[in-house]
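Asker: I need the structure of the sequence given here:
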Amino acid sequence: MQLPILGETPSLQVIKNQGGAKGTYAFISLGCPKNLVDSEKMLGSLALDGYSLVSQPEEADFVIVNTCGFIDESRKESKAVIQEMLDLKKQGKTRGVIVAGCLPERVGGSLLDEMPEIDHIVGVFGRDEITKVAERFTGGHREQRELFRPAAVRALDDRARLRITPSHYAYLKISEGCDRTCTFCSIPKMRGKHVTKPIEMVLEEARELVSDGVRELILVAQDTTYYGMDFYGEVRLAELLRQLETVEGIDWIRLMYLYPVNFTDELIDTIAGSGRILPYLDMPLQHINSQLLKRMQRRVNRDKTVELVGKLRERIPNLVLRTTFIVGFPGETDSQFEELREFVEETRFERMGVFPYSLEPGTPAVKLADHLPEEVKQARCDSLMETQQEIAFEWGQNMIDYELDCIIDGPSDEEGVWIGRTFADAPEIDGSVLVQGEGLEPGQMVPVTIVDAQEYDLIAIVSEDE
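Answerer: Sure, this is the predicted structure:
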């Protein structure tokens, strides 16, 4: 199994060099960027406590798997990885397996019933206990520690992370949990209620990341536009962004997971008037039909959605919109799906993901009538993606001859060609820019001219005046 490669930035190297005295471990991180931040925090804590990270599980005293439990497919993937590590343990190639994150938080002790060879489990809110769990294991204690659930959830300090991402970009988690009651979603059961990270704490983390070589901050949360409501009594995302803009060294600020509610005029103006906040907004809409949105309990309808999208297009220059939709939700009719397809065709999202509805045990949607056959859900998913593919490919062709700033992520497999991203491309989920040039290096920001498009990727050359 290929494990993540750590960035070799100076301050992280200092943390890494403190490890080794207590034992070796391997770490596998699964799931979303918010889970990745938790992984990086655990990596930092273990390094500071004297444990040494190795690249292969077969070389480790123990393995930690930070899992995803969001939907059935992610739970299956997590369990498959856990089983692979347990098989190594049976073969004597590692001494123990510790399972962390959303899966144990979602299923609790039943995970130990299903996989009794697991040595310890650590839930989402037990991540700061990871050094104690590791110490108990290496000290010979084999009892299986139960999930740690604090009496009151607080904002977690994400400083002193050992980052998995390349040194020039990082995810910055601004809150934890979610107060939404979407009928299809299990996140509140795993991550708890929304807890805002105070502005001062976010700024301190941003400064630490910049000192570590970060040029692009990617803000993540379960519900980014709700930021501040629980702590300040009002949404404060616009204020947070204005203060982040003052942190020297940040070139790009990218916004992810923006719920369509609480998208204030102040927030729109802040984004539109900024030189650092990218005109790239990730705003999951899930559907456009008002009746289905009500069944999903999204607290928004078609008219409000169309109004918001129009306002964003009108007021934010060069806006790139990313969204996601769920098809095949219980009760979705052919005409409701066609309404969604026509909306996508008319709105022409530059970036879009589509997911067939996944029945999640314990969520209200399980009790809804008229669940659809899997083949219907998959057919609708394929149909909507075909519609979007044409739009995305056309957008790529329209970018030819434009000059854009491009951040270099690393070399490609082809000599003289580098993989980069423009403002329109979030890491891992969007296309890339294949840049032809010499002497480039990761983290470098260069102006490029787009010369061609190949499906979801763009082809570019370094501009002549560079």
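Asker: so what pLDDT did G109 get?
Answerer: What the model reports for G109 is a pLDDT of 78.
Asker: go on, N262?
Answerer: On the pLDDT scale, N262 gets 93.
Asker: That one: what's it in contact with?
Answerer: Counting by CB atoms under 8 Å, 6 or more residues apart in numbering, N262 makes contact with T225, Y226, M229, V235, L237. Every residue, glycine included, has its C-beta placed from N, CA and C.
Asker: hmm, 6 Å instead?
Answerer: T225, Y226, V235 (CB atoms under 6 Å, 6 or more residues apart in numbering).
Asker: so where is this protein shaky, pLDDT-wise?
Answerer: Within the chain, the stretches falling below the threshold (pLDDT under 70) are 1-21, 140-154, 465-466.
Asker: Go through it and flag its longest helix.
Answerer: The helix spanning the most residues in the chain, taking DSSP state H as the definition, is helix 374-398.
Asker: Which SSE is immediately downstream of that helix?
Answerer: The element immediately downstream of helix 374-398 (helix or strand, assigned by DSSP states H and E) is strand 403-411.
Asker: neighbouring strands for the helix or strand immediately after that next one in the chain, and are they parallel or not?
Answerer: Sequence-wise, the next helix or strand beyond strand 403-411 is strand 417-421, with elements assigned using DSSP H and E. Each strand that strand 417-421 pairs with, and the sense of that pairing, follows from DSSP bridges: strand 403-411 (antiparallel), strand 433-436 (antiparallel).
Asker: Does the closest residue to L278 other than its chain neighbours lie in a helix or a strand, and which?
Answerer: In space, and not counting its chain neighbours, L278 is closest to F423: 4.5 Å by CB to CB, 6 or more residues apart in numbering. Take DSSP H and E as the rule and F423 turns out to sit in neither a helix nor a strand.
Asker: so V65 makes contact with S29?
Answerer: No. Between V65 and S29 no contact is recorded; they are 8.4 Å apart, counting by CB atoms under 6 Å.
Asker: Looking only at neighbour counts, state which of these two leads.
Answerer: Remark: of V65 and S29, V65 carries more neighbours, 25 against 22, as counted by other CB atoms under 10 Å.
Asker: Helix or strand: which one has the more buried one?
Answerer: Here V65, judged by DSSP H and E, is contained in strand 62-67.
Asker: quick one: contacts of that strand?
Answerer: 25-30, 39, 57, 78, 81-82, 85, 94-103, 137.
Asker: quick one: stretch 373-391 to chain centroid distance?
Answerer: Once both centres are worked out by CA atoms, centre = their mean, to the nearest Å, stretch 373-391 turns out to sit 23 Å from its chain's centre.
Asker: which parts of it are buried?
Answerer: K377, A379, R380, C381, L384, M385, T387, Q388, I391 (16 or more other CB atoms under 10 Å).
Asker: Next one: the residue lying closest to G275 once chain neighbours are set aside from S463, what distance?
Answerer: Distances taken as CB to CB, 6+ apart place E245 nearest to G275, at 7.9 Å, with adjacent residues excluded. E245 sits 26 Å away from S463 when distances are taken as CB to CB, to the nearest Å.
Asker: Could you do Y402 as well?
Answerer: Separation of Y402 from S463 (CB to CB) stands at 11 Å.
Asker: before we move on, what about G273?
Answerer: With distances taken as CB to CB, G273 is found 26 Å from S463.
Asker: after the helix or strand where K311 lies, next one along is what?
Answerer: Taking DSSP H and E as the criterion, the element that holds K311 is helix 302-315. Helices and strands here follow DSSP H and E; after helix 302-315, the next one along the chain is strand 320-327.
Asker: Any idea how far that next one is from the middle of the chain?
Answerer: 15 Å.
Asker: isn't the residue nearest to L278 right up against L281?
Answerer: No. The pair formed by F423 and L281 falls short of the contact definition of CB under 6 Å, at 11.1 Å.
Asker: More neighbours: these two, which one.
Answerer: Set F423 next to L281 and count neighbours by other CB under 10 Å: L281 wins out with 22 against 18.
Asker: okay, the strands paired with strand 417-421 in a markdown table with mean neighbour count next?
Answerer: What follows is the strands paired with strand 417-421, written out as a markdown table (neighbours: other CB atoms under 10 Å):
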| stretch | mean neighbour count |
| --- | --- |
| strand 403-411 | 19 |
| strand 433-436 | 21 |
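Asker: Now render these as CSV, adding distance to E266.
Answerer: Below are the strands paired with strand 417-421 laid out as CSV (distance: least, CB to CB, whole Å):
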stretch, distance to E266
strand 403-411, 27
strand 433-436, 33
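Asker: Can you tell me which of the contacts of N262 comes closest to L368?
Answerer: Relative to L368, the closest of these is Y226; by CB to CB it sits at 25.1 Å.
Asker: what's the burial count for the closest one?
Answerer: 23.
Asker: can you map out the helices along the stretch 101-250 of the chain?
Answerer: In the stretch 101-250 of the chain, helices defined by DSSP state H, counting those that start in this stretch lie at 102-107, 110-114, 130-138, 187-191, 199-211, 229-232, 237-244, listed in chain order.
Asker: Which among these is found nearest to L255?
Answerer: Using CB to CB as the criterion, the shortest distance between L255 and the helices of the stretch 101-250 of the chain is 8.1 Å, found for helix 237-244.
Asker: The closest residue to T347 other than its chain neighbours - how many residues pack around it?
Answerer: Taking CB to CB, 6+ apart as the measure, T347 lies nearest to V309, with 6.1 Å between them; neighbours along the chain are not counted. Neighbour count for V309, taken as other CB under 10 Å: 20.
Asker: same question, F343
Answerer: For F343, the count of nearby residues is 19 (other CB under 10 Å).
Asker: next structured bit after the helix or strand hosting it?
Answerer: When secondary structure is defined by DSSP H and E, F343 falls within helix 334-347. Using DSSP H and E, the next helix or strand after helix 334-347 towards the C-terminus is strand 351-356.
Asker: Dump that following strand to PDB, keeping only the CA atoms.
Answerer: Taking C-alpha atoms only, strand 351-356 is exported to PDB below (Å, rounded to 0.1, in the frame of the first residue of the first chain):
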ATOM      1  CA  ARG A 351     -16.800  22.000 -11.800                       C
ATOM      2  CA  MET A 352     -19.300  19.400 -10.600                       C
ATOM      3  CA  GLY A 353     -19.600  16.100  -8.800                       C
ATOM      4  CA  VAL A 354     -22.600  13.700  -8.900                       C
ATOM      5  CA  PHE A 355     -23.300  10.900  -6.400                       C
ATOM      6  CA  PRO A 356     -26.100   8.300  -6.400                       C
END
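Asker: Please name the strands paired to that strand in the sheet, noting orientation.
Answerer: Paired with strand 351-356 in the same sheet, following DSSP bridges, are strand 320-327 (parallel).
Asker: contacting residues around F263?
Answerer: With contacts defined as CB under 6 Å, 6+ apart, the neighbours of F263 are T225, L308.
Asker: how far away is it from D269?
Answerer: Applying CB to CB, the value for F263 to D269 is 12 Å.
Asker: tell me the domain boundaries of this structure?
Answerer: If the domains of the chain are taken from automatic domain parsing, they occupy 10-138, 169-398, 403-462, with pieces of a single domain joined by a plus sign.
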